[in-house]
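1. My questions concern the predicted model and sequence given below.
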Amino acid sequence: MKLLMAPLLLLIAGCSSVAQKDEQYSPCSEAWFNYVEQQINTGDGYGHGPDIGSLEWRSAIMFKLGIRDKPNVPELNTQLWCQFIDENYI
């Protein structure tokens, strides 16, 4: 019986952590902006760079990804932009 319970408990624990991560890192949340910054660093290595989440920061992210001026990228100041970046690059 114990052998059957262990995989079930792991499955339940795994689902719980995935749900928490999805909630924590929802696009355009502060946690998501910080997560994106960890993946695509916009700073200069000396503590200088745009404020994370700002329009300047979003523009820097697009520059780093090589997608500036691409027609399929949503406007910077929208939730759609965050979702686009999340789905295609994060």
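-> Good, I have the coordinates. Owing to the predicted nature of the structure, the values given are computational and were not obtained by experimental measurement.
2. the helices in the protein, which residues?
-> Using DSSP state H, the helices of the chain run over residues 2-24, 30-39, 55-65, 79-89.
3. could you give the mean pLDDT of stretch 54-64?
-> Averaging pLDDT along stretch 54-64 gives 96.
4. Please list the residues outside that stretch that contact it.
-> 33, 36-37, 40-42, 49-51, 68, 73, 76-77, 81, 85 (C-beta atoms under 8 Å, 6 or more residues apart in numbering). Yep, even glycine has a C-beta here, placed from its N, CA and C like the rest.
5. Give me the buried subset of these.
-> Among the contacts of stretch 54-64, those classed as buried by 16 or more other C-beta atoms under 10 Å are 33, 36-37, 40, 42, 50, 73, 76, 81, 85.
6. Columns pLDDT and distance to Glu56 on top of these, output as a markdown table?
-> Formatted as a markdown table, the buried ones among the contacts of stretch 54-64 follow (pLDDT from 0 to 100; distance: C-beta to C-beta, whole Å):
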| residue | pLDDT | distance to Glu56 |
| --- | --- | --- |
| Phe33 | 96 | 13 |
| Val36 | 96 | 14 |
| Glu37 | 96 | 13 |
| Ile40 | 95 | 14 |
| Thr42 | 94 | 9 |
| Pro50 | 95 | 4 |
| Val73 | 96 | 16 |
| Leu76 | 94 | 9 |
| Trp81 | 97 | 14 |
| Ile85 | 97 | 15 |
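7. how about low-confidence regions in the protein?
-> The chain contains residues with pLDDT under 70 at 1-24.
8. now do 50
-> The chain contains residues with pLDDT under 50 at 8-21.
9. Next, give me the two most distant ones among the buried ones among the contacts of stretch 54-64.
-> Farthest pair in the buried ones among the contacts of stretch 54-64 (C-beta to C-beta) is Glu37 and Val73. Separation: 18.5 Å.
10. Against Tyr46, how distant is Ile90?
-> 25 Å (C-beta to C-beta, to the nearest Å).
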